[in-house]
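Enquirer: Structure here, sequence nowhere to be found:
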């Protein structure tokens, strides 16, 4: 039985892995938001009762979106290897993980966004239509702005989900907290690293969740019940 | 100003509008009333350009706006300010921000936008609520902001779809006052769709009664109440209670509608005096249409010249609806 890893080393491990996780998750969240929100808007516009209903386009878009969401991340990770190499010039490391993370998150964000936008009340949208607003104006000032708090929360949910997915980054050498827990902690029977990582993940996700909840509230002008 | 010509609209084979024709003169208020299912909402949605009619035309200043598309359609929408049914304000925008929305759509630059929003807040009496969010306003205040928003882009027509349906009587008054001010101060032509005859009583010059997708009555409110068989008069005027015991003691019993201060105040005593008859009010009451007092009374008359008295009332401007006792149709 070897002696436990000194705490200073554990912290060094955690700092490095946290950096990798935040890098992978952060960049892929930004990409998934930039591409997923338009997908969600498009889904909602073409849906029955949307501003530009188009059954054919909606069905195709829905199919692709659901196909993307149904793919297990670990499969996406290896299946996209050649695409990743094309985009980032390599197929291993943290940067390489961003591609499958973002690709997996786009349909996820798209569906969340569509569900949220569909909740904007029809009388509010119609009122905007009667002001002579263009579709683009209604999307920006009504659909997105009215549901901004919920959209911010949805991005928070995405970040947490991506932290979960990123645990598999180790498969292609991406590192990160999940990889640390599995490779250094679990597979090498290093309980101190395993449980420190678990605890730190719990703290990190809680703080992130809290941050998004706060941000969502800050953008919300509706009245809230409080006790 | 705005005319609706032969409008038809059906949904899945069920017809909602069956050739509706209306005409609203510039600067007047038309109330469209009728029971639920009569097609009021469909008509409102067609005029708001949210629904395309199957056939017929809606003309604003002579131009048909029903078949427009794209930017021409958006421009036409700005011609027609709409106060939609129900809560329609953006909850994430202030009152001022909501009023500014049509101005943003019209591309009005910032400084002018703020000036115009200020004028409208003043018009609806909510200057102090400029920075309030809809959730901080009462139902009546929200509805007044909705009226201000509808007026923001200087529309020539204001359409209000059940503007008072969710409000209590007092708040209803404040919203109607604002609609009336819009007409009086901005010269806007107003079309109010409502099931509430109180709205017609308070602000409408004209009324159109819709039934099963058809206009069954259309005219000036004050003319229609004078017509004893009109739906408008039966809905707007005070009910005449039946009181057979009381009525049996009179030679003649008749209903009479009187319009205006002079008629309501002076006609009956004068008739009694002139013809030497006993003339009592046995039922009915007094109401107001806009600023005009209007009465519907059931009269009981005793005396030899009762018929002549009723005839004289008819000639002097009162509408004697029916002689319930004695020779029918004395002066009707």
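Expert: That came through, no problem. All figures in this text were calculated on a predicted structure; none of them were measured in a lab.

Enquirer: need the longest helix for chain A.
Expert: Across chain A, the helix with the greatest residue count (assigned by DSSP state H) is helix A:7-46.

Enquirer: Which secondary structure elements does that helix sit against?
Expert: helix A:55-70, helix A:94-117, helix A:148-165, helix A:177-179, helix A:191-218 (3 or more CB pairs under 8 Å, 6 or more residues apart in numbering or on different chains; DSSP states H and E). Backbone N, C-alpha and C define where each C-beta goes, glycine included.

Enquirer: in it, what counts as buried?
Expert: A:10, A:13-14, A:17-18, A:20-25, A:27-29, A:31-33, A:35-37, A:39-46 (16 or more other CB atoms under 10 Å in any protein chain shown).

Enquirer: tilt between that helix and helix A:148-165?
Expert: Using axes from the mean of the first three to the mean of the last three CA atoms, to 10 degrees, the direction of helix A:7-46 lies 130 degrees away from that of helix A:148-165.

Enquirer: need the residues of chain A near chain B, please.
Expert: Counting by CB under 8 Å from any CB of the partner chain, chain A comes close to chain B at A:121, A:123-124, A:126-134, A:137, A:141-142, A:145-146, A:148, A:219-223.

Enquirer: Selection in PyMOL covering whichever of the residues you listed are buried, please.
Expert: Buried members of the residues of chain A next to chain B, defined by 16+ other CB under 10 Å, are picked up in PyMOL with:
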select buried, chain A and resi 124+126+127+128+129+130+131+132+133+137+141+142+145+146+148+220+221
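
Enquirer: can you pull the contacts of the closest residue in space to residue A:81 that isn't next to it in sequence?
Expert: The spatially closest residue to residue A:81, leaving aside those adjacent along the chain, is residue A:91, at 4.8 Å (CB to CB, 6 or more residues apart in numbering or on different chains). Residues near residue A:91 by CB atoms under 8 Å, 6 or more residues apart in numbering or on different chains: A:81-82, A:84-85, A:172.

Enquirer: Closest one to chain B out of those, please.
Expert: Distance to chain B across the contacts of residue A:91 (CB to the nearest CB) is lowest for residue A:84, with 39.0 Å.

Enquirer: Report the separation between residue A:179 and chain B.
Expert: 41 Å (CB to the nearest CB, to the nearest Å).

Enquirer: re the thing from before, narrow the residues of chain A next to chain B to those in strands?
Expert: The strands, defined by DSSP state E, take in nothing from the residues of chain A next to chain B.

Enquirer: could you say what helices and strands the biggest helix by length in chain B packs with?
Expert: Counting residues, the longest helix in chain B under DSSP H turns out to be helix B:169-186. If you count contacts as 3+ CB pairs under 8 Å, 6+ apart, helix B:169-186 packs onto strand B:29-33, helix B:110-123, helix B:139-151, strand B:157-161, strand B:189-193, helix B:197-203.

Enquirer: Show me what the last one is packed up against.
Expert: In other words, helix B:197-203. Where contact means 3+ CB pairs under 8 Å, 6+ apart, helix B:197-203 is packed against strand B:29-33, helix B:169-186, strand B:189-193, helix B:231-236, strand B:278-289.

Enquirer: what's next to it, contact-wise?
Expert: With contact meaning CB under 8 Å, 6+ apart, helix B:197-203 is reached by B:29, B:31, B:33, B:163-164, B:169, B:172-173, B:176, B:179-180, B:183, B:190, B:192, B:194, B:207, B:221, B:232, B:235-236, B:287-290.

Enquirer: can we see that at 7 Å?
Expert: B:29, B:31, B:33, B:164, B:172, B:176, B:179-180, B:192, B:207, B:221, B:235-236, B:287-290 (CB atoms under 7 Å, 6 or more residues apart in numbering or on different chains).

Enquirer: Can I have the buried ones of those as a PyMOL selection?
Expert: PyMOL command restricting those to the buried ones, with burial defined by 16+ other CB under 10 Å:
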select buried, chain B and resi 29+31+33+164+172+176+179+180+192+207+221+236+289+290
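
Enquirer: Please name the nearest non-neighbouring residue to residue A:142.
Expert: Nearest to residue A:142 is residue A:128, by CB to CB, 6+ apart, at 4.7 Å.

Enquirer: separation between the one you found and residue A:205?
Expert: 37 Å (CB to CB, to the nearest Å).

Enquirer: What residues sit buried inside the longest helix of chain B?
Expert: Those would be B:171-172, B:174-176, B:178-183, B:186, for helix B:169-186 by 16+ other CB under 10 Å.

Enquirer: Would you format these as TSV with pLDDT and distance to residue B:79 included?
Expert: Formatted as TSV, these follow (pLDDT from 0 to 100; distance: CB to CB, whole Å):
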residue	pLDDT	distance to residue B:79
B:171	89	29
B:172	92	27
B:174	92	26
B:175	93	22
B:176	93	23
B:178	93	20
B:179	94	18
B:180	92	21
B:181	92	20
B:182	92	15
B:183	92	16
B:186	92	14
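
Enquirer: and which of these is nearest residue B:42?
Expert: residue B:179 (21.6 Å; CB to CB).

Enquirer: Touching, that closest one and residue B:147? I think so.
Expert: Yes - contact status for residue B:179 versus residue B:147: in contact at 6.5 Å, counting by CB atoms under 7 Å.

Enquirer: Which among the helices and strands packed on helix B:169-186 is found nearest to residue B:261?
Expert: Here helix B:197-203 is closest among the helices and strands packed on helix B:169-186 (CB to CB), at 16.8 Å.

Enquirer: what about the closest one, distance to the chain center?
Expert: 5 Å (CA atoms, centre = their mean, to the nearest Å).

Enquirer: okay, the angle between the helix or strand just after that helix and strand B:189-193?
Expert: The helix or strand immediately downstream of helix B:197-203 is strand B:206-211, counting by DSSP states H and E. On the basis of the same axes, to 10 degrees, strand B:206-211 is oriented at 30 degrees to strand B:189-193.
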